[in-house]
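Participant: fold the stuff below for me.
(one chain, ligands or ions: 1)
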Amino acid sequence: MKTQRAPTNNNNKSVRVQRAPTNNQNKSVRVFFILGRNPELSRAEVLEFLKARNRPHKEILFEENFLVIEVNENEKFDIQEFGGVMWLGQVTFEGTQQKFMKYINQNEIVPADKFSYAVFGNQDAQVLKDKFKGEKKKAMIKHGRKQIQFQSGEKHELPKVDFYIFYYEYNGTIYFGTATQSYDNTEVKNRDMNKPVRREFLAISPRLSKILINLSGAKPHDLLLDPFCGIGGILQEALLKRINVHGIDKDKRATIGAETNLKWLATQYKIGNRYTIENSDSRRASDLQFSAIATETPLGEILREKVSDKQVKQIILNFEAYMIPILRRLKVIKKPFAKIAITFPTIRLFRVNVQKIAEKTGLKIYLGPILESRPDQFISRDIVVFQ
Ligand SMILES: C[S@@+](CC[C@H](N)C(=O)[O-])C[C@H]1O[C@@H](n2cnc3c(N)ncnc32)[C@H](O)[C@@H]1O
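Facilitator: Now for the predicted structure:
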């Protein structure tokens, strides 16, 4: 097996993955993704992103918050395109435990003499500790500064280190690699904090905005609609992906906010893509034959914990009745195969009847519902993609 240098831990905008040491003609490589707090949603995001671009890929494993996919060797990823991926890199070894021991003895895993590292997966890091000790490297393993809580309630350590190593055993096969990209949340956060108009209590996070856009299948230069655009959170992330956008909101103040924010963004990031905002009701949305729709629905009144089950049931029924005519209109004004990635409120055990919505609107359920919740939130969301 050829010696491969471990990739460095930089935040390059896009990184060409190296060819995996296989003998097949297709020249494919395997890439691992360490997913964020909602692995099921993040997995769907990555796969839909590739599908929308007709980029060949095959899912190899999806366990816990780890996803491994096979792609062409010239595939490029930019981790900032995704909302739900924390680290990614190429699988540089795949095989039996016995072969792995040989691989690790013969190859340099980290091209540095003094560094800190973290190991993700289900394997004991002792092998690596011994390896670095044998090489007389000053390697410090770290187990996390802060924790991330997953939907399941499980907490994961989030270390800040020089190298992130993936080391996972699945069905007798070891998958191993070093991350080449880490998600940079500082830039995303700064952008969100610095935009001229903010409306925190209603706004969706940039993370969820990106996920919805990727689930909608929107690609650069497509025209994406957000029929409940508010001050433009989703539109902003879509513009950054070089997608043309159209936003609608019935609240005049929100549309002024969206225009201000998008103008600011276009100047700050030198974006030449088209953006238009319409102050009207989405039931009367203009027919522009959109290529994709991504939106966060209005959750209605701000609720307090005290609401009874009967009231919650009624709120959900009212929501369904409100959404049906709007979704019917969206079906008409989108291209036939265009997708609608949308959030529906879920309160306690009460969820929107997605099947009923599909039947009443003539839309097909393409994906979901996938629950997106936080332990501290009273109202959670179901993410659904219609076609
Ligand atoms: C949850 S907020 C969207 C927040 C948005 N993602 C943002 O970044 O600001 C929902 C928005 O839908 C708007 N809305 C509610 N019903 C509407 C309708 N029938 N047509 C258009 N906009 C509507 C509300 O005014 C509100 O701004």
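
Participant: ok, residue 133 to residue 262 distance?
Facilitator: 54 Å (C-beta to C-beta, to the nearest Å). C-beta coordinates here come from the backbone N, C-alpha and C atoms, glycine included.

Participant: ok, those two, which is more surrounded?
Facilitator: residue 262 (24 against 11; other C-beta atoms under 10 Å).

Participant: next, count neighbours for the closest residue to residue 361 other than its chain neighbours.
Facilitator: Nearest residue to residue 361, sequence neighbours excluded (C-beta to C-beta, 6 or more residues apart in numbering): residue 327, at 4.3 Å. Residue 327 has 22 neighbours, counted by other C-beta under 10 Å.

Participant: residue 327 in helix, strand or coil?
Facilitator: At residue 327 the chain is in helix, as set by DSSP: H, G, I helix; E, B strand; the rest coil.

Participant: shouldn't it be in contact with residue 362?
Facilitator: No. With contacts counted by C-beta atoms under 8 Å, residue 327 stays clear of residue 362, the gap being 9.0 Å.

Participant: and the helices in the chain?
Facilitator: With DSSP state H as the criterion, the chain has helices at 39-52, 97-106, 126-134, 185-194, 206-216, 233-240, 252-268, 309-333, 354-361.

Participant: interface residues of the protein facing the ligand?
Facilitator: Neighbours of the ligand within the chain, by C-beta under 6 Å from any ligand atom: 199, 202-204, 228, 230-234, 248-251, 254, 281-283, 296, 298, 326.

Participant: narrow those residues to those in strands?
Facilitator: Within the residues of the chain next to the ligand, residues falling in strands by DSSP state E are 248-249, 296.

Participant: please indicate which of the residues you listed are buried?
Facilitator: 248-249, 296 (16 or more other C-beta atoms under 10 Å).

Participant: and the residues you listed as CSV, adding pLDDT?
Facilitator: CSV is the format used below for these (pLDDT from 0 to 100):
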residue, pLDDT
248, 98
249, 97
296, 96
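
Participant: which among those gets closest to residue 216?
Facilitator: residue 296 (12.2 Å; C-beta to C-beta).

Participant: contacting residues for the closest one?
Facilitator: 204, 208, 212, 228, 230, 233-234, 342-343, 381 (C-beta atoms under 8 Å, 6 or more residues apart in numbering).

Participant: re earlier: can you select the buried ones from the residues of the chain next to the ligand in ChimeraX?
Facilitator: One line in ChimeraX is enough to select the buried ones among these; burial here means 16+ other C-beta under 10 Å:
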select :203,204,228,230,231,232,233,234,248,249,250,251,254,282,296,298,326
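
Participant: could I get the buried residue list for stretch 53-60?
Facilitator: With the criterion 16+ other C-beta under 10 Å, stretch 53-60 contains buried residues 57, 60.
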